[in-house]
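[1] Provide a 3D model corresponding to the input given below.
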Amino acid sequence: MRTRVFWIVHIITLVGVALWAALDLRFESLAFWPSSSSENLLESMQANVKESGLIRVFGFASVLLLALITIAVPCVRLFRFHHGSRARSTASLLAITTVTALWCGIVINHSALAWQGKRARIAIQVNELEHLAAPLRNQWPARDGDLPGVGPFMAYPFGRPTTLILLQSPNVAGDELCIAAVEGNESGPIRMQLSGSAHDDWAEWHPDSSRPQSFVGGLGDPHQLVSATKLGRGWYLVRYTIPDALSHHTNNLELAANG
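    Numbering: from 1, shown residues only. Next comes the predicted model:
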């Protein structure tokens with residue numbers, strides 16, 4: 001098979017991985033690799049499969065194998081056979097170096113690609129977010145209830161609630177991205193927690209005098225600001241990190257929802 005065919009397949013694979021990183025909300029968890037040598041590799045792989053799904057993991061491994069094969073063949077032909085012209089060998093070496101640099105760029109910046117992909121998906125849903133937030137801005141709930149678009153919810157803490165735990169999470173951008181909880185009050189920002197990825201991401205509406213910042217939720221869960229990007233019309237896509245010692249927030253939500 002001609003070397004050019006391998007190059008074409010490899011470039012298609014490279015572009016496909018870049019698009020996958022930008023469009024798939026679970027790509028970051030799919031591309032996770034243990035950061036410490038002391039971690040159990042088998043347990044990490046099992047957690048990866050559980051988080052991403054077997055089909056995704058198998059597809060990702062197949063794509064990486066295809067990329068490895070289609071770059072290995074040109075490399076072997078370049079360094080093992082010398083009957084080509086010097087100019088062609090130099091061009092091949094330059095192509096290999098360029099492709100390697102592109103792969104390094106994807107590996108280093110895959111989180112940024114995924115973030116910008118999520119931003120694009122949320123940005124086109126601002127009207128839907130406005131529809132969900134409008135009744136909350138008009139009158140923040142004082143107790144458990146049911147709102148159009150939002151559905152039934154449980155309000156915490158009792159008395160002056162700032163957290164709404166949604167019992168039927170409304171979809172925002174397809175089945176993979178939905179709203180799990182809402183944080184807010186009568187006059188401040190309205191924060192909608194997005195489920196469907198491994199990160200603590202929120203779609204937030206802020207009045208003119210407000211900007212995204214770290215906060216403590218109604219269940220006592222701290223959220224430390226990592227990054228925020230503007231979507232328009234007062235909306236932001238915001239990412240927080242939760243300290244490990246208090247990372248049981250999700251369990252708190254489940255316990256509260258169950259009773």
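[2] can we go C-alpha only for contacts and neighbour counts from here?
    Fine.
[3] low-confidence ranges, this structure, go.
    Low-confidence segments of the chain (pLDDT under 70): 1, 31-45, 47-48, 51, 81-88, 173-176, 242-259.
[4] hey, where'd the strands end up in it?
    145-147, 151-156, 163-166, 178-183, 190-195, 200-205, 215-216, 222-232, 235-241 (DSSP state E).
[5] take these and lay them out in JSON lines including mean neighbour count and distance to residue 78.
    What follows is the strands of the chain, written out as JSON lines (neighbours: other C-alpha atoms under 10 Å; distance: least, C-alpha to C-alpha, whole Å):
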{"stretch": "strand 145-147", "mean neighbour count": "13", "distance to residue 78": "65"}
{"stretch": "strand 151-156", "mean neighbour count": "20", "distance to residue 78": "62"}
{"stretch": "strand 163-166", "mean neighbour count": "23", "distance to residue 78": "59"}
{"stretch": "strand 178-183", "mean neighbour count": "22", "distance to residue 78": "50"}
{"stretch": "strand 190-195", "mean neighbour count": "23", "distance to residue 78": "47"}
{"stretch": "strand 200-205", "mean neighbour count": "24", "distance to residue 78": "46"}
{"stretch": "strand 215-216", "mean neighbour count": "12", "distance to residue 78": "56"}
{"stretch": "strand 222-232", "mean neighbour count": "16", "distance to residue 78": "44"}
{"stretch": "strand 235-241", "mean neighbour count": "22", "distance to residue 78": "45"}
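[6] could I get those as CSV with distance to residue 90?
    Shown next, in CSV, are the strands of the chain (distance: least, C-alpha to C-alpha, whole Å):
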stretch, distance to residue 90
strand 145-147, 66
strand 151-156, 63
strand 163-166, 60
strand 178-183, 51
strand 190-195, 49
strand 200-205, 46
strand 215-216, 56
strand 222-232, 43
strand 235-241, 45
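[7] quick one: stretch 217-224 to chain centroid distance?
    21 Å (C-alpha atoms, centre = their mean, to the nearest Å).
[8] who are the neighbours in contact with residue 189?
    204-207, 210 (C-alpha atoms under 8 Å, 6 or more residues apart in numbering).
[9] go with 7 Å
    When the contact criterion is C-alpha atoms under 7 Å, 6 or more residues apart in numbering, the partners of residue 189 are 204-207.
[10] what's the local residue count around the residue lying closest to residue 158 once chain neighbours are set aside?
    Using C-alpha to C-alpha, 6 or more residues apart in numbering and skipping residues adjacent in sequence, the residue nearest residue 158 is residue 143, 7.3 Å away. Residue crowding around residue 143 was assessed by other C-alpha atoms under 10 Å; the count is 16.
[11] so residue 143 sits right up against residue 153, yeah?
    No. Contact status for residue 143 versus residue 153: not in contact, 9.0 Å apart, counting by C-alpha atoms under 7 Å.
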